[in-house]
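Visitor: Coordinates for the following, if possible.
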Amino acid sequence: MKVLLLRHPPVATAWRGRCYGRSNMGWSRDGWAMARRIVADLPPVDAVVHSGAQRTARLAAMVEQARCVPATADLRWLERDFGQWEGRRWDAIWRESGAEMDRMMTDPEAYRPGGGETGRDIADRVAAAWDALPRVASVLVVAHGGPIATLRALRAGAPLMRAVDFIPACGEVVPLQRYCQ
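Guide: Numbers count the residues shown, from 1 in each chain. Here you go, the predicted model:
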């Protein structure tokens, strides 16, 4: 089974420089243009799964309409819950917490940024989402940088603190192979 992991297009410019995690917003103008290119350039897929967030659901709907394939939401693909950090500027968070932010990478098993999710929380839910993917020849998963990076790290056998090395660019498609029983 072929799985294409796709990070959503760039978000609205008002959200740049902000911790947007699970916050819901649309795309920038560049994001809209990217979405149209993605839909035109995607190889055939048999199913689409998205996180349920506006920035992934909209792209999944475009693929569903253009390719006549079913699209479903699985909230386990949502971006990290950043708790009280949601919607705030990264520089303001840094001023308040300083190097504590680095614990997202140095202590992913236990650190809860803004009181939200740990890296382990993300890993567990994304692993379950991976296991629940439709059993078809090819699936497109429209998701977010954090869950995609975490899954890639898990599949590579890398420690969670290395997940940051696996973050795809907005609009990037990451192909993975999944072997089903």
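
Visitor: Give me the residues contacting the lowest-mean-pLDDT helix or strand in the chain.
Guide: When the helices and strands of the chain are scored by mean pLDDT, DSSP states H and E, helix 103-106 comes last with a mean of 92. Identification of contacts with helix 103-106 by Cβ atoms under 8 Å, 6 or more residues apart in numbering yields 111, 113, 119, 161, 163-164. C-beta coordinates here come from the backbone N, C-alpha and C atoms, glycine included.

Visitor: rerun at 7 Å
Guide: Helix 103-106 is contacted by residues 111, 113, 119, 161, 164 when judged by Cβ atoms under 7 Å, 6 or more residues apart in numbering.

Visitor: Let me see the contact set for the nearest residue to A123 once chain neighbours are set aside.
Guide: Nearest non-adjacent residue to A123, counting by Cβ to Cβ, 6 or more residues apart in numbering: T150, 5.2 Å away. T150 makes contact with 119, 122-123, 126, 163 under the criterion Cβ under 7 Å, 6+ apart.

Visitor: and the closest residue to R178 other than its chain neighbours, how many neighbours?
Guide: In this structure, R178 finds its nearest non-sequential neighbour in M1, 4.4 Å apart by Cβ to Cβ, 6+ apart. If you count neighbours by other Cβ atoms under 10 Å, M1 ends up with 15.

Visitor: Also S23?
Guide: Per other Cβ under 10 Å, the neighbour tally for S23 reads 17.
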